[in-house]
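Novice: Have a look at this prediction, sequence included:
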Amino acid sequence: MTATTDGSAGALNPRAAAASKPTETTIAADDVLEAARRAAERSVEHLLGRQDEQGWWKGDLATNVTMDAEDLLLRQFLGIQDRTVVEAAGRFIRGEQLGDGTWATFHGGPGELSATIEAYVALRLAGDAPDDPHMARASRWIREQGGIAESRVFTRIWLALFGWWSWEDLPELPPELIFFPKWVPLNIYDFGCWARQTIVPLTIVSAKRPVRPAPFPLDELHADPGRPNPPRRMAPATSWDGVFQRLDKALHLYHRVAPRRLRRTAMNAAARWIVERQENDGCWGGIQPPAVYSVIALHLLGYDLDHPVMRAGLASLDRFAVWREDGARMIEACQSPVWDTCLATIALADAGVAPDHPALVKAADWMLAEQVVRPGDWTVRRPQLPPGGWAFEFHNDNYPDIDDTAEVILALRRVRHPDPSQLEDAIRRGVRWNVGMQSRDGAWGAFDADNTSPFPNRLPFCDFGEVIDPPSADVTGHVVEMLAVEGRADDPVTRRGIEWLLAEQDVNGGWFGRWGVNYVYGTGSVVPALVAAGLPVAHPAIRRAVAWLESVQNDDGGWGEDLRSYREEKWIGHGASTASQTGWALMALLAAGRRDTEAVRRGVAWLAGTQRADGSWDEPYFTGTGFPWDFSINYHLYRQVFPLTALGRYVHGEPFADRAAGREGA
């Protein structure tokens, strides 16, 4: 991950961002196909060279420095500081600071208060003095933004662990939530799986309210050290915000009088819930934040650091570290081998790699072994559904996801496997599971069905990112495409998904991107799905999508969309050209029959002209989404797989064009 170092918060406007990009590399029209073929060949060679000997691919998953800061804070809290780790983390965090003293959460983005506070505290732990110029710039900016009091709840929880913030001034999160049945609002299964895994351990932390001795004061981070948390006026009692603020006041009162036996029983039940969901590799759900909070919660309940659960948990956290050649240490929030492997398999196959190529067979073998064949939390809403999905990570049997499952099936269909029956059995299980996870409205979320309660996002505690998992256009598009390839285009399940997608199309012609940035991703996911499912390219929805994509193409021939599109309409479809987003746009246009248009030719020329000599592409911009705007991701393999997929389809044509509607359903 590379951040700007000049303090720039990005271009003043999206049009300026597009205009400031390099000009298109000139390639004559009759040379575009040959240029695409050569670029695809170089990219295939590059990608094949990155495959692990076990069959998988995995690129770095870069987010922001809060991962690194919280890792140091965890080590400080547990008393397990390692000087080498501290120095390496400090080196990485310093390298991400912008010229104005802040830290952003995505490349080219503005300084973000909570990230800047956490980075500042981490550097204090690493030995940086508050009057060092880079630290003084950061603390001055923090004060100008209102200080710690204006930061998000999670940041203030970390500070409360050391007495830098009062627990009484944080939203209450009682462990008795664990007893709420699934039909009661705000039960733990009303939250998305990522939030659920974080909230359950935090109920223990909230009940215990631990405070470790602070290694230094942080008065310089308060706008007014005498009043670190100025009083705020509550929202009207008749508003939802007002209702939940008053509920939080009541929960603070309950904290003082909670029956000790009930509270102890609730915390023990929460601890059992946590331990039962620890993965074989020691992590929780394959993502870093729940693992961090689970380790803290169990430690507060008396699990010493030599307990097998704790040893495995701490070891798993070490595996999230990426050590760089310059000695810096970056923490990944998650690892994406299943996702990267299925996307790489699709890209290579669509670029003409033989379906029985050893690399594809090896990838298929690895993916087949990763299928989740035991129940997880998804059974709360689908208790009768047999398992059969795939997760995102190396180890995550509790939370397979619908998106990965659809894309893995699409990847496996491109491989000529020496054991066809094994392949067919796995695909049948995966299709059955995905179909069973359809929500009531006909669409699909990422991890759960019908995870759409309106209440969790209203809690004062939930001020950072999305905490529910409603259906999205990109996931639904991938499932519809998979079902079409499986010969189920006319199945009522698929038709309901198509109807939902058509109703969700934005007035501009694109689709919102929940898990990628943003309308370019959503549109690049949906158009190929609708065409695969039988919508003619002359359908009004396809025509509107094509017109929108062509209207937002940059002058250099590429496509880009800034993360600010999640907040500001003027950024929708606009931003510096990137390899991955250009790939998404081209995939949609090619599916829509626009291969011989000027827009496609220019997009292909941009990809060919910006490719590096080794067959790869540079992409400092973040094009992945964890939570829209709040948590952004730079998948380092996106810049390789999506351009190759687009180039391959330009050279070799659309995959499954002759059989998308011909296979019998599972």
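Specialist: Structure's in. What do you need? Note that this is a predicted model, so its numbers are computed, not measured.
Novice: Now do the same for Pro460: its pLDDT.
Specialist: Looking at Pro460, its pLDDT is 83.
Novice: so it touches Val243, yeah?
Specialist: No: between Pro460 and Val243 there is no contact under CB atoms under 8 Å: 10.8 Å. For glycine as for every other residue, the C-beta is placed from the backbone atoms N, C-alpha and C.
Novice: ok, residues contacting stretch 294-307?
Specialist: With contacts defined as CB atoms under 8 Å, 6 or more residues apart in numbering, stretch 294-307 is touched by 74, 77-78, 80, 161, 197, 200-202, 204-205, 208, 210, 267-268, 270-271, 274-275, 278, 284, 309-311, 313-314, 317.
Novice: For it, measure first residue to last.
Specialist: This stretch, stretch 294-307, spans 13 Å end to end (CA to CA, to the nearest Å).
Novice: Where do the strands of the stretch 1-150 of the chain begin and end?
Specialist: Ranges of strands in the stretch 1-150 of the chain, per DSSP state E, counting those that start in this stretch, are 61-62.
Novice: the helices in it, which residues?
Specialist: Remark: helices assigned in the stretch 1-150 of the chain by DSSP state H, counting those that start in this stretch are 14-19, 32-48, 66-78, 83-95, 113-125, 133-144.
Novice: now those in TSV, with mean pLDDT and mean neighbour count?
Specialist: Shown next, in TSV, are those (pLDDT from 0 to 100; neighbours: other CB atoms under 10 Å):
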stretch	mean pLDDT	mean neighbour count
helix 14-19	52	17
helix 32-48	97	19
helix 66-78	97	22
helix 83-95	97	18
helix 113-125	98	25
helix 133-144	98	17
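Novice: Between these, which one is closest to Pro540.
Specialist: helix 14-19 (26.8 Å; CB to CB).
Novice: that older thread, can you tell me which of the contacts of stretch 294-307 are in helices?
Specialist: Of the positions in those, 74, 77-78, 197, 200-202, 204-205, 208, 267-268, 270-271, 274-275, 309-311, 313-314, 317 sit in helices, assigned by DSSP state H.
Novice: Just the buried residues of those residues.
Specialist: 74, 77, 197, 200-202, 204-205, 208, 267, 270-271, 274, 309-310, 313-314, 317 (16 or more other CB atoms under 10 Å).
Novice: Checking my notes, Ile633 in a strand, right?
Specialist: Yes: counting by DSSP: H, G, I helix; E, B strand; the rest coil, Ile633 is found in a strand.
Novice: tell me the contacts of it?
Specialist: Taking CB under 8 Å, 6+ apart, we find Ile633 in contact with Leu61, Ala62, Thr63, Ala333, Phe622, Gly624, Thr625, Gly626.
Novice: And these, which is closest to Ala237?
Specialist: Nearest to Ala237 out of those is Gly626 (CB to CB; 33.9 Å).
Novice: I'd say Leu412 and Arg428 touch.
Specialist: No: the criterion here is CB under 8 Å, and Leu412 misses it with Arg428 at 11.1 Å.
Novice: residues near Gly534, how many?
Specialist: The local packing of Gly534 (other CB atoms under 10 Å) involves 15 other residues.
Novice: And Gly609, by the same measure?
Specialist: Look at Gly609: counted by other CB under 10 Å, it has 18 neighbours.
Novice: And Leu251, by the same measure?
Specialist: When neighbours are counted by other CB under 10 Å, Leu251 registers 18.
Novice: Can you add distance to Gly55 and give the helices of the stretch 1-150 of the chain back as TSV?
Specialist: Compiled in TSV, the helices of the stretch 1-150 of the chain are given as follows (distance: least, CB to CB, whole Å):
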stretch	distance to Gly55
helix 14-19	39
helix 32-48	12
helix 66-78	28
helix 83-95	30
helix 113-125	36
helix 133-144	44
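Novice: and Gln505, which of those is closest to it?
Specialist: helix 14-19 (21.5 Å).
Novice: quick one: contacts for Val121?
Specialist: Applying CB under 8 Å, 6+ apart to Val121 gives the contacts Ala69, Leu73, Trp158, Leu159, Trp164, Leu218.
Novice: hang on, the earlier thing: between Leu412 and Arg428, point out the one with more neighbours.
Specialist: With neighbours defined as other CB under 10 Å, Leu412 and Arg428 compare such that Leu412 has more, 22 against 15.
Novice: with the contacts of Val121 in mind, which one is nearest to Asp377?
Specialist: Trp158 (26.3 Å).
Novice: Grab the nearest non-local neighbour of Pro375.
Specialist: Excluding its sequence neighbours, the residue lying closest to Pro375 (CB to CB, 6 or more residues apart in numbering) is Pro387, at 5.7 Å.
Novice: what's the spacing between the one you found and Pro337?
Specialist: 20 Å (CB to CB, to the nearest Å).
Novice: For those two, indicate the residue with more neighbours.
Specialist: Pro337 (24 against 19).
Novice: so that one makes contact with Trp57?
Specialist: Yes: at 7.0 Å, Pro337 counts as touching Trp57 under the criterion of CB under 8 Å.
Novice: what about the protein, any weak spots by pLDDT?
Specialist: Applying pLDDT under 70 to the chain flags residues 1-30, 658-666.
Novice: Please, where are all the strands along it?
Specialist: Taking DSSP state E, the strands of the chain run over residues 61-62, 321-323, 329-331, 624-627, 631-635.
Novice: can you redo those strands as a markdown table with distance to Gln611?
Specialist: Formatted as a markdown table, these follow (distance: least, CB to CB, whole Å):
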| stretch | distance to Gln611 |
| --- | --- |
| strand 61-62 | 21 |
| strand 321-323 | 25 |
| strand 329-331 | 26 |
| strand 624-627 | 21 |
| strand 631-635 | 18 |
